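Enquirer: From the sequence below, what's the structure:
(chains A and B)
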There are 2 protein chains.
Amino acid sequence: MRPWETLSSEYALDVPWLRVRRETCRLPNGEIVDDYYLWEGADWVAVFALTTEGTVLLVQQYRQGVRQFAWELPGGVVNPGESVVEAALRELREETGYSAAGGEIVARMEVDPPKATFYNHLVIAHHCRPAGPQSLDRTEEIAIQTLPPTELLSWIRQGRITAQSTIACVYRALDTLGDWSPGRP
Amino acid sequence: MRPWETLSSEYALDVPWLRVRRETCRLPNGEIVDDYYLWEGADWVAVFALTTEGTVLLVQQYRQGVRQFAWELPGGVVNPGESVVEAALRELREETGYSAAGGEIVARMEVDPPKATFYNHLVIAHHCRPAGPQSLDRTEEIAIQTLPPTELLSWIRQGRITAQSTIACVYRALDTLGDWSPGRP
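Expert: Residues are numbered from 1 along each chain as shown, chains lettered A, B, ... in the order given. Model prediction:
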């Protein structure tokens, strides 16, 4: 199998937080597709933040896309000039008021391989502790919850956590932590 | 916490497979946001298809968004008038040539809760068997692989499977089937 060849690319829409690109592509069979739309955006980061008590931090906020409140891992977009871990720790601090000394990148996932040009990064941070109040912008209102990992899994199984990124990241993090248990470094 | 109030909504872009909506919203604190962009699309479906040999079907194709080949669960969009299970079995048949008598919806996940209005559905299908050749459209070229569940998990852990939907759905399916627990080989 061979990749597609991109013959041209132009912006069809360029608005805050979203850029849509229209591409003309030549497929391996010679076929030309002249209306292939992609969407660009900054990379995402999600942080699986373990507190010093061995619980995991979740945030809840209103999500306009689905017109619902959703429980998710803390996270957001990686700003220009920021590393993935820096973005993870910044989002953690802003959304929850917790801080951590560092974090480890566990996975880089494709958000929507055929259509989206960007990635979602999973960071695990250990020994997170309260460091002050949340630091939210004018559009944000965020509730916080700490749950033991087993409870977190129950929330997914019960359908109380429904965001795909959070589901992928929670399983991936728990799978990576393996025989991790509270109290273990 | 209270939901946002949508004051107006209009299309900013309406092209094949992608509609972008611009909304004006009133936030609970009274703040007005007049440039909130959402993207619409048909719901997605992914099928965790277990063959009569106990293996799971994966498909590989070129993905223009990330300029790479990706291994994913079979799937696609739910067509108008189609049920989620019908879409899952149709996509399975088209992409792999395998068929199943039925399927079970295991989860409905939000693809991107703040920005996307649609969902990704996970269907588990048992006893899938070869039923003929693939049925692909002119833009598709798809390779097939069958893997035992443990091997599938290894592919995720090794970073050979990187699509977020597939990662979320594989863990969710294995967890539902009783084939996964944190740290299990």
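Enquirer: what's the first-to-last distance across stretch A:45-62?
Expert: Distance between the two ends of stretch A:45-62: 19 Å, counting by C-alpha to C-alpha, to the nearest Å.
Enquirer: buried set for it?
Expert: The neighbour-count check on stretch A:45-62 (16 or more other C-beta atoms under 10 Å in any protein chain shown) flags A:45-51, A:55-59, A:61-62 as buried. Placement of C-beta: from N, CA and C, glycine included.
Enquirer: Closest one to chain B out of the residues you listed, please.
Expert: residue A:62 (5.2 Å; C-beta to the nearest C-beta).
Enquirer: Could you report the pLDDT at the closest one?
Expert: At residue A:62, the model reports a pLDDT of 97.
Enquirer: got a list of what it touches?
Expert: Neighbouring residues of residue A:62 by C-beta atoms under 8 Å, 6 or more residues apart in numbering or on different chains: A:68-69, A:141, B:1-4.
Enquirer: In PyMOL, how would I select just the buried ones from those?
Expert: Applying 16+ other C-beta under 10 Å to those, the buried members can be selected in PyMOL as follows:
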select buried, (chain A and resi 141) or (chain B and resi 4)
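Enquirer: Name the nearest of the contacts of residue A:62 relative to residue A:99.
Expert: Ranked by distance to residue A:99 (C-beta to C-beta), the contacts of residue A:62 are led by residue A:141 at 21.0 Å.
Enquirer: got a list of what that closest one touches?
Expert: Per C-beta under 8 Å, 6+ apart, neighbours of residue A:141: A:61-62, B:1, B:27-29.
Enquirer: Distance of the residue of chain A positioned farthest from its centre relative to residue A:5?
Expert: Here chain A reaches farthest from its C-alpha mean at residue A:30, the gap being 36.7 Å by C-alpha atoms, centre = their mean. Between residue A:30 and residue A:5 the computed distance is 10 Å (C-beta to C-beta, to the nearest Å).
Enquirer: One more: residue A:17?
Expert: From residue A:17 to residue A:5 the distance is 30 Å (C-beta to C-beta).
Enquirer: before we move on, what about residue A:49?
Expert: 43 Å.
Enquirer: again, but for residue A:116
Expert: 20 Å.
Enquirer: more neighbours, these two?
Expert: residue A:116 (21 against 11; other C-beta atoms under 10 Å in any protein chain shown).
Enquirer: residue contacts, the more buried one?
Expert: Residue A:116 makes contact with A:38-41, A:110, B:65-66, according to C-beta under 8 Å, 6+ apart.
Enquirer: Ranking by neighbours, what's the top pick from these?
Expert: Top of these by neighbour count (other C-beta under 10 Å): residue A:110, with 24 neighbours.
Enquirer: I figured it was touching residue B:162, is that so?
Expert: Yes: using C-beta atoms under 8 Å, residue A:110 is in contact with residue B:162, at 5.3 Å.
Enquirer: can you list residues touching both of these two?
Expert: Shared contacts of residue A:110 and residue B:162, counting by C-beta under 8 Å, 6+ apart, come down to residue B:70.
Enquirer: tell me, how many neighbours does residue A:93 end up with?
Expert: Close neighbours of residue A:93, defined as other C-beta under 10 Å, add up to 18.
Enquirer: Can you list the neighbours in contact with the helix or strand residue A:71 falls within?
Expert: Using DSSP states H and E, residue A:71 sits in strand A:68-72. Contacts to strand A:68-72, defined as C-beta under 8 Å, 6+ apart, come from residues A:46, A:58-63, A:145, A:155, A:160-163, A:165-166, B:1, B:3, B:110, B:113.
Enquirer: And stretch A:158-171, by the same measure?
Expert: Applying C-beta under 8 Å, 6+ apart, the contact partners of stretch A:158-171 are A:44, A:46, A:48, A:56, A:58, A:70-73, A:75, A:107, A:109, A:111, A:120, A:122, A:152-153, A:155-156, B:107-113, B:120, B:164-165, B:167-168, B:171-172, B:175, B:180.
Enquirer: mind running it again at 7 Å?
Expert: With C-beta atoms under 7 Å, 6 or more residues apart in numbering or on different chains as the test, stretch A:158-171 has contacts from A:44, A:46, A:48, A:70-73, A:109, A:120, A:122, A:152, A:155-156, B:108-111, B:113, B:120, B:164-165, B:167-168, B:171-172.
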